[in-house]
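In: starting from these lines, generate the structure:
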Amino acid sequence: QARVWEWEGPCFDEGEDAARFFTSLLETPCRLVRFDQEGALESSLRPTDADYAPDSQTGFSDGFPFLIASQESLRAVNDGIAASASEGQAELP
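Out: Numbering: from 1, shown residues only. The predicted model follows:
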């Protein structure tokens, strides 16, 4: 199960290697999960707010089908990945 704000629903876990990598990178216990785009886990998708994105669905986001990342936040993730690799840690799974 994944939880985003008040929503909770089914998900697919991407495994121990991914969890170990992101736990190390983010310095907090975490799991990497994905939603089911093919619909086998139908309740993993939910409708968006019709005032902002009518007739749309989303999975794991906070209510909108697109989330925007800043250049700085992407740079921080890439720097963390590069630092992990230079310290002999496993590459991104």
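In: not counting sequence-adjacent ones, nearest residue to residue 25?
Out: residue 80 (4.8 Å; CB to CB, 6 or more residues apart in numbering). C-beta coordinates here come from the backbone N, C-alpha and C atoms, glycine included.
In: list the helices and strands the helix or strand containing that neighbour packs on?
Out: Assigned by DSSP states H and E, residue 80 belongs to helix 71-86. If you count contacts as 3 or more CB pairs under 8 Å, 6 or more residues apart in numbering; DSSP states H and E, helix 71-86 packs onto helix 16-26.
In: now the angle from the helix it packs on to helix 71-86?
Out: Here helix 16-26 runs at an angle of 110 degrees relative to helix 71-86 (axes from the mean of the first three to the mean of the last three CA atoms, to 10 degrees).
In: and helix 16-26, what's buried?
Out: In terms of neighbour count (16 or more other CB atoms under 10 Å), helix 16-26 has its buried residues at 18-19, 21-22, 25.
In: and stretch 71-88, by the same measure?
Out: For stretch 71-88, by 16+ other CB under 10 Å, it's residue 84.
In: who are the contact partners of residue 7?
Out: residue 46 (CB atoms under 8 Å, 6 or more residues apart in numbering).
In: how far away is it from residue 74?
Out: In this view, residue 7 and residue 74 are 25 Å apart by CB to CB, to the nearest Å.
In: try residue 51
Out: Counting by CB to CB, the separation of residue 51 from residue 74 is 29 Å.
In: just residue 28 next, same as before
Out: Taking CB to CB, one finds residue 28 at 19 Å from residue 74.
In: helix, strand, or coil at residue 60?
Out: Classification of residue 60 by DSSP: H, G, I helix; E, B strand; the rest coil places it in coil.
In: neighbours around it, how many?
Out: The tally of other residues near residue 60 (other CB atoms under 10 Å) stands at 17.
In: tell me the mean pLDDT for the helix holding residue 80?
Out: Per-region confidence: helix 71-86 scores 83 on mean pLDDT.
In: from the chain's centre, how far out does that helix sit?
Out: Relative to its chain's centre, helix 71-86 lies at 16 Å (CA atoms, centre = their mean, to the nearest Å).
In: repeat that for stretch 47-59.
Out: Distance of stretch 47-59 from the chain centroid (CA atoms, centre = their mean) equals 19 Å.
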